[in-house]
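J.: generate coordinates for the sequence data below:
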Amino acid sequence: MRLFTVSTLLLFFLSSGMALQIQCYQCEEMTHDCSTPEFIVNCTVNVQDMCQKEVLVKDDGIHYRKSCASSGACLIASSGYQQFCSGKLHSVCITCCNTPLCNGPRQKKRPQPSAAITLTTPQLPVFSLYVFLLLSSTLC
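T.: Numbering: from 1, shown residues only. Sure thing, here's the model as predicted:
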């Protein structure tokens, strides 16, 4: 019974985002958009919770810097360089995002499915399931 409770709590904490790790692309001063598998890194758990992408327009072309970042540092950097993000020569654009590999190439927008063919099934959230299991094990 104790093992069941401990394993349920462990699953709850792991699925609830208590241990956050994100994957990002990482490269320095590349002249091509380094969004290929060899540039994927695992960011530091609970420290680097965002991906950062810098696009610099230089005399010899566009340069990319991509990395893991802490949310505070990334958001400060991106807001500080916002005025220099013009797309013209000597432009610097810094963006932050918080989903896996989000500092890669832009995803092509998929067309929205029509409402007539969209089928949705209601699903019980994982969190509620864990709470139910935990309560049922302690009450029995």
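J.: quick one, strands of the protein?
T.: Applying DSSP state E to the chain gives strands spanning 23-25, 27-30, 40-42, 50-58, 61-69, 92-97.
J.: Pro105 and Gly72, how far apart?
T.: With the distance defined as CB to CB, to the nearest Å, Pro105 ends up 26 Å from Gly72. C-beta coordinates here come from the backbone N, C-alpha and C atoms, glycine included.
J.: no, scratch that, I was asking about Pro37
T.: For Pro37, the distance to Gly72 (CB to CB) stands at 29 Å.
J.: ok, now Asn103?
T.: As judged by CB to CB, Asn103 and Gly72 stand 17 Å apart.
J.: then Asn46?
T.: 13 Å.
J.: Asn103: neighbour count?
T.: Residues contacting Asn103 under the criterion other CB atoms under 10 Å number 29.
J.: hmm, it is touching Cys97, no?
T.: Yes - with contacts counted by CB atoms under 8 Å, Asn103 reaches Cys97, the gap being 6.2 Å.
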